[in-house]
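> Sharing a model that was predicted from the sequence below.
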Amino acid sequence: MNFSRFRRAYGRHADGSLFVSEDQIGACWLCNSYPRTRLLYYWLINDYKILQADKISILHVAPEVQISNEFRKFKNNIEYICIDKHCEGYKYPSYVKNGDVRHLEFENCTFDMVICNHVLEHIKDDIVAMSEIKRVLKKNGVAILMIPIDTDLDKSIEEKMDENLTPSEREERFGQYDHVRIYGKDYFDRLKEVGFSVERVSYSDELAAKYGFMSGEEVIICKK
């Protein structure tokens, strides 16, 4: 992955119209990676040292294409499986199989690592998804479960299981039309409730500026 200059962050409203952030950095001009992708990749390469592993099995849920393109080059030491819940109107690479993180079609204790970033905020029954991820991890396996979080909130704000909000209502309540919650500090309690031990890693403002991370954003590492 090659980092270069960074564009402003952008996205779309529920009605399809485009918005551009005035203050948040977004995609790299060169590789089109986002801040959370650059942060994850930095941790994987420099802290976890994934490319130095003799053999590792990884399940990547809703994979970031920049990371997938790198990992798929290392077939000798990385057994790499990608899944996403295929939705109508979207195109998926052939290596990304249809799969639901709430109902993983893998045996217990299959993977050394599960990567599932910025996914759980889209899922109402997130505890089910967390439990499934833990189930398919090997003993001492690691799950990377980063999410957008408001650390000023003690308790997450979320759509109830029996609610069925419209995209516009979700955007108004949660800030994005396809989110079903804003996580607060109780996110870490949820992870611990399903049996994970949790480690949080962040980097200096100087490093964040160099590689285009969001200042203060953390890699959330969950160990079985």
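Structure received.
> Stretch 92-107 spans what distance, first to last residue?
By CA to CA, to the nearest Å, the extent of stretch 92-107 from end to end equals 24 Å.
> can you list contacts of it?
With contact meaning CB atoms under 8 Å, 6 or more residues apart in numbering, stretch 92-107 is reached by 59, 61, 63, 65, 68, 72, 81-86, 116, 119, 123, 125, 128-129, 132-133, 135-136. Bear in mind the C-beta positions are built from the backbone N, C-alpha and C, glycine included.
> List the buried residues of it.
For stretch 92-107, the buried set under the neighbour-count rule, 16 or more other CB atoms under 10 Å, comprises 96, 99-102, 104.
> for that stretch, what is the average pLDDT?
Summarised as a single mean, pLDDT over stretch 92-107 is 96.
> Just the contacts of stretch 92-107: which are in helices?
With helices defined by DSSP state H, the entries of the contacts of stretch 92-107 inside them are 65, 68, 128-129, 132-133, 135-136.
> Out of those residues, who's the most crowded?
Among the ones in helices among the contacts of stretch 92-107, residue 133 has the most neighbours (other CB atoms under 10 Å), with 29 neighbours.
> Now do the contacts for that one.
Per CB under 8 Å, 6+ apart, neighbours of residue 133: 101, 104, 114, 116, 143, 145, 222.
> which among the residues you listed end up buried?
Buried among the contacts of residue 133 (16+ other CB under 10 Å): 101, 104, 114, 116, 143, 145, 222.
> now those residues as TSV including secondary structure?
Formatted as TSV, these follow (DSSP: H, G, I helix; E, B strand; the rest coil):
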residue	secondary structure
101	coil
104	coil
114	strand
116	strand
143	strand
145	coil
222	strand
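> Name the nearest of those relative to residue 195.
Taking CB to CB as the measure, residue 195 lies nearest residue 222 of the buried ones among the contacts of residue 133, at 9.3 Å.
> Once you drop chain neighbours, what's closest to that closest one?
residue 196 (3.9 Å; CB to CB, 6 or more residues apart in numbering).
> what does residue 201 give?
Counting by CB to CB, 6+ apart, the residue nearest residue 201 is residue 219, at 4.4 Å.
> Would you check how far apart that neighbour and residue 155 are?
According to CB to CB, to the nearest Å, residue 219 and residue 155 sit 23 Å apart.
> neighbour count winner among the two?
residue 219 (22 against 11).
> Quick check: the gap between the more buried one and residue 147.
Distance from residue 219 to residue 147, by CB to CB: 11 Å.
> List the buried residues of stretch 198-206.
For stretch 198-206, a neighbour-count test (16+ other CB under 10 Å) marks 198, 202-203 as buried.
> do the same with stretch 183-192
Residues of stretch 183-192 classed as buried by neighbour count (16+ other CB under 10 Å): 183-184, 187-188, 190-191.
> State the distance spanning the first to the last residue of that stretch.
Stretch 183-192 stretches 15 Å from its first residue to its last (CA to CA).
> Stretch 45-54 too?
Stretch 45-54: ends 14 Å apart by CA to CA.
> now the spatially most central residue of the chain, nearest residue through space, not along the chain?
Taking CA atoms, centre = their mean, the centroid of the chain lies closest to residue 117, which sits 0.6 Å from it. Nearest residue to residue 117, sequence neighbours excluded (CB to CB, 6+ apart): residue 146, at 4.5 Å.
> Appreciated, that's everything.
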